[in-house]
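In: Just a sequence and a predicted model for now, questions to come.
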Amino acid sequence: MNIKLISFIFLICVFSSNHAFSQESNMLPGTTDTINKYDERGFKQGLWILTINSNRLFAKINYKDNKKNGYFEEYFQDGINVSSKGYYKDDTIDSTLMIFYPNGTIRAEINYKNGHKNGISKYFNNIGGIEELANYVCDSNDGIFVKFDEEGDTILLRHFSKNICLDCKENEYQLKNIGNGEIYEKNYYYKDKLSSISVYLNNEEIIRRVFRIKKPYNIEKEYYYQNGKTIKCIYYNRKGKMKSESK
């Protein structure tokens, strides 16, 4: 094989290796900044803008060495209004997560540390009034839990330690068996009336929590757990009909 042919093959190989990820990098319109960029190792770097059908904005996420790091925004289906925003640290949320209604009103402020709920979380109605306030330690209710009415007055105040209510009158009874374990339901009472909390346990592990409106005692929301982590949340309207679900 002659020297010219060897040199030609070498140049093709170099060009191919340098060009392998070039299609994954684009210019941000109106600037000289690049987006959706892979480095020579194939790792995502910098700002990535994700779209649906190439024209509807879905999310803006920053990466460092193939991990989500830094500020992010997610959008509703219209691709215009922000549905949530916060900061990632090594692929886990590590900031106050802001969640919004489609009209731009804040729906929730949830504090995270290394991907787990830690600190005060606040939940609001669609006109900006606070509905709930709770303190978390590593995803568990630990401290105060407060519910407010539409006027902002306190209608329920509880104190928790690792998801256990400290100031509730408790009535526990066996609900049914599942496999080798047993599921129990704990209903928490206040002044002889069913409060808004029922907890379901399997072998002492919480698998479900249900919050009820005192009147007419319809389910307001329910949380499902697995290995100590929330895997699903279902929300209901005041008539007890499901209005949304998140995982």
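Out: Yep, it's here. All values reported here derive from a predicted model rather than from experimental measurement. Numbering: from 1, shown residues only.
In: To what extent is Val210 buried, counted in neighbours?
Out: Other residues within reach of Val210, judged by other CB atoms under 10 Å, total 17. Where C-beta positions appear, they are placed from N, C-alpha and C, glycine not excepted.
In: Tell me the span between the first and last residue of stretch 84-96.
Out: 10 Å (CA to CA, to the nearest Å).
In: hmm, who's touching it?
Out: The contact list for stretch 84-96, computed with CB atoms under 8 Å, 6 or more residues apart in numbering, reads 61-62, 67-74, 97-100, 109-115.
In: for Val137, phi and psi?
Out: Backbone geometry at Val137, expressed as degrees, to the nearest 10, gives phi -130, psi 110.
In: so it bridges to which residues?
Out: Val137 has these beta-bridge partners by DSSP bridges: Ser140.
In: Just checking: what are the partner strands of the helix or strand that contains Asn111?
Out: Using DSSP states H and E, Asn111 sits in strand 106-113. Here strand 106-113 has these sheet partners by DSSP bridges: strand 96-100 (antiparallel), strand 116-124 (antiparallel).
In: quick check, distance from the shortest one to the centre of its chain.
Out: To tie it back to what came earlier, the one meant is strand 96-100. In terms of CA atoms, centre = their mean, to the nearest Å, the centre of strand 96-100 is found 9 Å from the chain centre.
In: do the last one as well
Out: From the chain centre to the centre of strand 116-124 is a distance of 11 Å (CA atoms, centre = their mean).
In: That one: which residues count as buried?
Out: 116-118, 121-124 (16 or more other CB atoms under 10 Å).
In: who touches that strand?
Out: Contacts for strand 116-124 (CB under 8 Å, 6+ apart): 105-113, 130-139.
In: for stretch 56-63, same thing?
Out: Contact with stretch 56-63 is made by 43-52, 68-75, 77-80, 88, as judged by CB under 8 Å, 6+ apart.
In: ok, back up a step: select only the buried ones of the contacts of strand 116-124 in ChimeraX?
Out: Burial among the contacts of strand 116-124 is assessed by 16+ other CB under 10 Å; the matching ChimeraX selection reads:
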select :107,108,109,110,111,112,113,131,132,133,134,135,136,137,139
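In: Low-confidence ranges, this structure, go.
Out: 1-33, 168-196, 214-217 (pLDDT under 70).
In: The same query, at a cut-off of 90, please.
Out: Within the chain, the segments meeting pLDDT under 90 span 1-35, 52-56, 77, 114-115, 125-128, 137-233, 235-247.
In: Can you list the residue ranges for helices in it?
Out: Per DSSP state H, the chain carries helices over the ranges 3-19.
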